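Participant: Structure, please.
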Amino acid sequence: MHHGMRWAVRTMAALVISLSASSVLAGPAPISPSVAPPVVMRAGVDQLEPDRLVIRGVNFGITSAPIVLLAKIRLEVLSFSDVQIVARLPIDAPAARYRLQVLARGTSPSAFFEVTLGRPPGRRSEG
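Facilitator: Purely as a prediction, here's the structure:
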């Protein structure tokens, strides 16, 4: 075999081995943000606009509005980004703890998140 040909064969073999090794070492492909379920990290009533619920987390999506359920009642989404949702609260929602859930991009829904609206019954204001 000619010297130049051996060099080309060895170079190609090394390239193939390095490419296959790098894909094995990289591990499984990460979950694409477009299919990862939404995760609620915090939620609370906006102090300046008490008819708004601000939800913070990840994977809420950026192309279509997520669905926000408060005690199985769908809230109107006023604005959203991949990490924050602002939804309108019902004007007649009594002070209590509620289960909150976010559905985004047709993926599985977020885990339930407990949020408190107003002062729960039996609690006095401090002052």
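Participant: Can you name the element that comes right after the worst-scoring helix or strand of the chain on mean pLDDT?
Facilitator: Sorting the helices and strands of the chain by mean pLDDT, DSSP states H and E puts helix 3-25 at the bottom, at a mean of 53. The helix or strand immediately downstream of helix 3-25 is strand 39-45, counting by DSSP states H and E.
Participant: how about the nearest residue to S79, chain neighbours excluded?
Facilitator: V86 (4.7 Å; CB to CB, 6 or more residues apart in numbering). Placement of C-beta: from N, CA and C, glycine included.
Participant: just checking, what packs against the strand or helix carrying the one you found?
Facilitator: Element membership of V86, judged by DSSP H and E, is strand 84-88. Applying 3 or more CB pairs under 8 Å, 6 or more residues apart in numbering; DSSP states H and E, one finds that strand 84-88 makes contact with strand 52-58, strand 67-70, strand 73-80.
Participant: could I get those strands as JSON lines with mean neighbour count, mean pLDDT and distance to R119?
Facilitator: Below are these laid out as JSON lines (neighbours: other CB atoms under 10 Å; pLDDT from 0 to 100; distance: least, CB to CB, whole Å):
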{"stretch": "strand 52-58", "mean neighbour count": "19", "mean pLDDT": "97", "distance to R119": "16"}
{"stretch": "strand 67-70", "mean neighbour count": "20", "mean pLDDT": "96", "distance to R119": "17"}
{"stretch": "strand 73-80", "mean neighbour count": "14", "mean pLDDT": "97", "distance to R119": "20"}
